[in-house]
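1. got a structure for you, letters missing:
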């Protein structure tokens with residue numbers, strides 16, 4: 001396991017998960033509700049920034065590694081899953097949306113691993129639709145975590161819910177895209 005700055009940032013993102021979760025489950029009255037929402041949102045935002053930064057640094061510093069390529073998406077999926085579970089528990093997100101997003105992440109991760117074993121991992125590389133899904137999902141999660149008006153605009157929660165539903169639709173669309181790409185590749189394979 002190479003020890004470098006990008007991998008350290010990825011480990012930091014994983015270490016932030018329990019801290020993020022604990023903030024919401026502190027004893028009642030220890031922090032005002034606004035502070036809890038704010039701190040959790042800031043922790044999640046920091047994790048999102050480290051997600052971008054570790055990839056950028058790995059490329060910039062030429063510190064890409066097989067371990068980093070494995071650990072980075074695992075950290076992302078753990079952070080998003082933790083956030084969605086907390087949001088469901090707080091009744092800020094629906095179980096259906098959380099199951100769609102988390103289920104897709106598991107299915108596509110398994111598909112990518114399988115395609116990599118076949119030497120076809122480029123067929124299921126991250127596509128634009130996946131990036132769009134991630135953007136909608138991250139903004140939605142941040143809005144739902146914060147759960148309060150921003151700059152006097154009182155509808156952040158509603159916007160967050162709509163963006164999360166959009167992310168769920170994009171999740172299904174991107175899953176279909178990756179499954180079709182894998183299917184086309186597998187259909188070309190000679191029968192064993």
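-> Good, I have the coordinates. Since the model is a prediction, treat every value here as computed from it, not as a measurement.

2. what about the helices in the protein?
-> Per DSSP state H, the chain has helices spanning 5-24, 33-60, 66-89, 95-117, 128-146, 156-188. These are given in chain order.

3. got the buried residues for the last one?
-> If I follow you right, that is helix 156-188. When neighbours are counted by 16 or more other C-beta atoms under 10 Å, the buried residues of helix 156-188 are found to be 156, 160-161, 163-168, 170-171, 174-175, 177-178, 181-182. (Glycine included, C-beta is placed from N, CA and C.)

4. quick revisit: pick the most deeply packed of the helices of the chain.
-> For these, the stretch with the most neighbours on average is helix 128-146, a mean of 20; neighbours defined as mean count of other C-beta atoms under 10 Å.

5. what angle separates that one from helix 66-89?
-> Inter-element angle recorded for helix 128-146 and helix 66-89: 50 degrees (by axes from the mean of the first three to the mean of the last three C-alpha atoms, to 10 degrees).

6. give me the contact list for helix 128-146.
-> With C-beta atoms under 8 Å, 6 or more residues apart in numbering as the test, helix 128-146 has contacts from 37-38, 40-41, 44-45, 48, 80, 83-84, 86-87, 92-93, 101, 150, 156-157, 159-164, 166-167, 170-171, 173-174, 177-178.

7. likewise stretch 38-56?
-> Around stretch 38-56, the neighbours that count as contacts under C-beta under 8 Å, 6+ apart are 5-7, 9-10, 12-13, 16-17, 19-20, 23-24, 31, 68, 72, 75-76, 79, 83, 86, 138, 141-142, 145-146.

8. quick one: it to chain centroid distance?
-> Stretch 38-56 sits 11 Å away from the centroid of its parent chain (C-alpha atoms, centre = their mean, to the nearest Å).

9. can you give me the mean pLDDT across that stretch?
-> Summarised as a single mean, pLDDT over stretch 38-56 is 92.

10. any weak-confidence spans in the chain?
-> 1-2, 121, 123-125, 189-192 (pLDDT under 70).

11. domains in it, as residue ranges please.
-> Using automatic domain parsing, the domains assigned to the chain come out as 1-90, 118-187.
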